[in-house]
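Colleague: Okay, predicted coordinates and the sequence, questions at the end:
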Amino acid sequence: MGSRGTARAAVCAALLAACGQGASTGDHQSPGIDVSKISLTYVCENRFRIQNSSASAVTVSWKVENSGDQGTVDLPAPPGNQVFSETFFSTRAIGTVVLSAGTTRIGSVANSQTPCTTQNFPLVQVAVTPTAASVAPGGTLQISAQVTGDPDTAVRWSVKERNGGSVDATGVYTAPQTTGTFHVIATSHADPSRTATATVTVRPGAVQVVVRPAAVTLAVNGTRRLIAQVSGNPDTAVLWSVSEGNSGGTVDPTGLYTAPATVGTFHVVATSHADPAISAIATVTVQLTPPPVLGQWDPVETWPVVPIHVVLLQDGRVLNWSRLGEATVWDPNSNSFSTVKAPSWEFCSGNAVLPNGQVIVPGGHITDEYGLPDVNVFDPATSTWSTAPPMAAGRWYPTAMTMADGSILVVSGNTADHLLNEIPEVRNPDGTWRELTGAQFPVPWYPKLFPAPGGRVFLAGSDRHTKFLDTTGTGQWSDGPTTKFANRDYGTAVMYAPGKVMIAGGAIPPTDTAEVIDINAASPAWRFTASMNHPRRHVTGTVLPDGKVLITGGTSGTGFNDETHAVFSAELWDPATEKWTELSSMTILRVYHSVALLMPDARVLVGGGGEGASGTDEPNIEMFSPPYLFNSDGSLAARPTITQAPDSLAYGASFQVSSPDAAQISAVVLMRNGAVTHTFNSSELRVPLHFSSSGGNSLQVTAPAVPDLATPGPYMLFILNAQGVPSVARMVHLG
């Protein structure tokens, strides 16, 4: 039985005299039990108080004489400097209650049925919303509980029927595959005698409403857009409302909620237009001060296509294309799009940024699991495509990456014969191709490839047997260390520092585990780091300028692409502590075919999802501002600025960066332009640079000595101040 809090001590002390009911000490005592330290008091209407003034916790039992009504109560030791702890419990039967500890009778007290009032004993009341609903077999329903009469508003969820489905700790009910009527119960933690029940009818074709996110924290007068998803009926319209009326804030027809000027907990309801008996609720907690700085998501922006492949161009624009062969270029400065249709169907191809800043796209789509040998190249200077010499065979789901010598390596993918292409190919700087026949090996689709010391390539999954590839001559694989976890299908991987790789998530069912390795070591080995807050499959990792790793999207549900268990919150991994911080939640679910891309303004573009595997098509993006862009009070942080930097850098060369903030700069880093699809950014690298400041407004910086772990191509140059706040990047070319 949960504690009702010592705040009631004064109230109940007064009730002792008011009700005239003190504890009657028993006749039997046993060594070790000081019954004088434990008291039983009748309060009102079958409610009793037990008080413990001993120095230790005690478990006691009670029963109502001449009935089967009985139970146990855990009495904690008095907290802190308080004299006693107290716990309340309720009986169902009327009569004399006997209290015992083990074989020792402590006392008894009669129930005189004195009426309770809110003045002498606030009654715990539990209500659920909705009280009745329908859901399809296997579907989910959000049920919310409201507890009044006690500061402890927690509830325990359960399903009455043994085979009636399941309900999690947040009230999300998952229906069984069988039809029927079932009962979902919310039991008060403060007073387990108080419950409320939702009656759920499981039937085929039932309308289902889900609101995302289901829980939000806002400052007073803050805003948040909520999304309602309706299934089971062609009419997907909903009516938005606030349970508490105008005192609980307002919500417009699009789901944009505005919090009131007062603090509290409020409930935003989306009611199905097709079936007004069906609704879903988002619980909003409004507090006086802004919520902790956990990053900020901008409103959803509609795009012409679903961005399944995204590449950051050297001028800051974003090339993107979808399953349907549609390609556009987005200019974030003007928020405009231009159509740049490719010569062949590029969906499920590889993508990489060439040393000259152009984008190479090897492979593509004939139909699912049948790949093209085509190679297309996009030139940002002219915004046009050109065809290049093809590969030896088709590739569907390959990975392409730039190597230290400027060559492009392409690994894996299915051929036009529906067979796995086991022979890697290298595109030489002159545009010709060569097959690595000595490195034939069945590498899984979209492998996680990274540059390694000595010009080699490191294969980090998704298979647990990692490897190194020597691309000289006809090529050769050598065995690397085995990961701790099993295969991480549709997990993510990043090189967060030169030679240091982290892998996270993936698998069926999804895992929350993450591992790291330092391939610079003489004997590199994988080891677990802290686990994420949520299991995630179809998850994308993005390295940030401060070296932390942002994780976005994914599903925690079993199955290939379970959207009903999409994870909306982002997470941030700090390599200094190797711990995760859960960040704020996006509005749109991002599962299969979603992407994330670091932008020059140090924000992260997150978008896409759908176009396949029974997914919801999402032709839109959300921009995420990581916590490093904010002060501790939630206001925007002052950012350092770069006033001058060279356009190109030579390996090992010294160069100057001008900034009025030079004296406060703590880091100078290069971030290679990213190219992302299917959970992996095959082009992003983070390269910290050595620098010095001799006063004034300039920094003397040294470029990477060799290209092994800083491959040639376009980079974003960031400076970070002592608080870790990054500048807006300058675009530079390395090599």
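Modeller: Arrived safely, thanks for sending. Residues are numbered from 1 along each chain as shown.
Colleague: Report pLDDT for S569.
Modeller: Listed pLDDT for S569 reads 92.
Colleague: quick one: contacts for it?
Modeller: Contact analysis of S569 by Cβ atoms under 8 Å, 6 or more residues apart in numbering lists N533, H534, E582, L583, S584, S585, M586. (Glycine included, C-beta is placed from N, CA and C.)
Colleague: Please report phi then psi for it.
Modeller: phi -80, psi 150 (degrees, to the nearest 10).
Colleague: hang on, the earlier thing: ok, so of the contacts of S569, who is nearest G735?
Modeller: L583 (34.5 Å; Cβ to Cβ).
Colleague: The closest one touches L572, doesn't it?
Modeller: Yes. With contact defined as Cβ atoms under 8 Å, L583 reaches L572; the gap is 5.7 Å.
Colleague: So those two - more neighbours on which side?
Modeller: A direct count of neighbours by other Cβ atoms under 10 Å for L583 and L572 places L583 higher, at 23 against 20.
Colleague: and the more buried one, what is it in contact with?
Modeller: L583 touches L294, G295, L550, S569, A570, E571, L572, P626, P627, counting by Cβ under 8 Å, 6+ apart.
Colleague: Skip ahead from the helix or strand containing it and say which helix or strand is next.
Modeller: Secondary structure from DSSP states H and E places L583 in strand 579-585. Note on strand 579-585: by DSSP H and E, the next helix or strand toward the C-terminus is strand 594-598.
Colleague: then that next one to CSV, C-alphas only?
Modeller: These are the backbone C-alpha positions of strand 594-598, laid out as CSV (Å, rounded to 0.1, in the frame of the first residue of the first chain):
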residue,chain,number,x,y,z
SER,A,594,13.9,7.9,-42.6
VAL,A,595,17.0,10.0,-42.6
ALA,A,596,19.0,12.5,-40.5
LEU,A,597,21.6,14.9,-41.8
LEU,A,598,23.9,17.5,-40.1
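Colleague: That one pairs with which strands, parallel or anti?
Modeller: Applying DSSP bridges, strand 594-598 is found paired with strand 604-608 (antiparallel).
Colleague: how far is the strand it pairs with from where the chain is centred?
Modeller: Strand 604-608 has its C-alpha centroid displaced from the chain centroid by 14 Å (Cα atoms, centre = their mean, to the nearest Å).
Colleague: In terms of distance to A675, which of the contacts of S569 ranks first?
Modeller: Nearest to A675 among the contacts of S569 is M586, at 21.8 Å by Cβ to Cβ.
Colleague: what's the spacing between the closest one and L550?
Modeller: Distance, M586 to L550, by Cβ to Cβ, to the nearest Å: 12 Å.
Colleague: Can you pick out the residue with more neighbours from the two?
Modeller: Set M586 next to L550 and count neighbours by other Cβ under 10 Å: M586 wins out with 26 against 23.
Colleague: Does the more buried one touch W297 like I think?
Modeller: Yes. M586 is in contact with W297 according to Cβ under 8 Å; the separation is 5.3 Å.
Colleague: which neighbours do these two share?
Modeller: E622, F624.
Colleague: Pairing-wise in the sheet, spell out the partners of V286.
Modeller: L218, G264.
Colleague: count of neighbours near it?
Modeller: For V286, the count of nearby residues is 22 (other Cβ under 10 Å).
Colleague: For burial, what's the neighbour tally of H189?
Modeller: 18.
Colleague: and if you look at T437?
Modeller: By other Cβ under 10 Å, the residues close to T437 number 12.
Colleague: distance of it from F468?
Modeller: Distance, T437 to F468, by Cβ to Cβ: 18 Å.
Colleague: Then G295?
Modeller: G295 is 36 Å from F468, by Cβ to Cβ.
Colleague: Only C-alpha atoms, please: export stretch 695-715 in PDB.
Modeller: Output of stretch 695-715 as PDB, limited to C-alpha atoms (Å, rounded to 0.1, in the frame of the first residue of the first chain):
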ATOM      1  CA  GLY A 695      45.500  36.900 -29.000                       C
ATOM      2  CA  GLY A 696      43.500  39.100 -31.300                       C
ATOM      3  CA  ASN A 697      40.900  37.800 -33.600                       C
ATOM      4  CA  SER A 698      42.700  34.900 -35.300                       C
ATOM      5  CA  LEU A 699      43.300  31.200 -34.800                       C
ATOM      6  CA  GLN A 700      46.200  29.300 -36.300                       C
ATOM      7  CA  VAL A 701      44.900  25.900 -37.400                       C
ATOM      8  CA  THR A 702      46.600  22.800 -38.800                       C
ATOM      9  CA  ALA A 703      44.800  20.600 -41.300                       C
ATOM     10  CA  PRO A 704      44.900  16.800 -41.000                       C
ATOM     11  CA  ALA A 705      48.400  15.400 -41.900                       C
ATOM     12  CA  VAL A 706      47.100  12.500 -44.000                       C
ATOM     13  CA  PRO A 707      43.800  11.400 -45.600                       C
ATOM     14  CA  ASP A 708      43.500   8.000 -44.000                       C
ATOM     15  CA  LEU A 709      40.800   9.100 -41.500                       C
ATOM     16  CA  ALA A 710      40.000  12.400 -43.200                       C
ATOM     17  CA  THR A 711      39.200  11.500 -46.700                       C
ATOM     18  CA  PRO A 712      39.300  14.200 -49.400                       C
ATOM     19  CA  GLY A 713      36.200  16.200 -50.200                       C
ATOM     20  CA  PRO A 714      33.900  19.000 -49.000                       C
ATOM     21  CA  TYR A 715      33.800  19.700 -45.200                       C
END
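Colleague: contacting residues for the residue nearest to A352 when sequence neighbours are not counted?
Modeller: Among residues not flanking A352 along the chain, A400 sits closest, at 4.0 Å (Cβ to Cβ, 6 or more residues apart in numbering). A400 sits next to G350, N351, A352, I360, V361, P362, I408, L409, V410, S682 when contact means Cβ under 8 Å, 6+ apart.
Colleague: Identify the bridge partners of the fourth one.
Modeller: Using DSSP bridges, the beta-bridge partners of I360 come out as A352, V377.
Colleague: Tell me where this protein has helices.
Modeller: 9-19 (DSSP state H).
Colleague: Domains in it, by residue range?
Modeller: 6-110, 125-297, 301-629, 648-734 (automatic domain parsing).
Colleague: nearest to A637, of the ones you listed?
Modeller: Here domain 648-734 is closest among those (Cβ to Cβ), at 4.6 Å.
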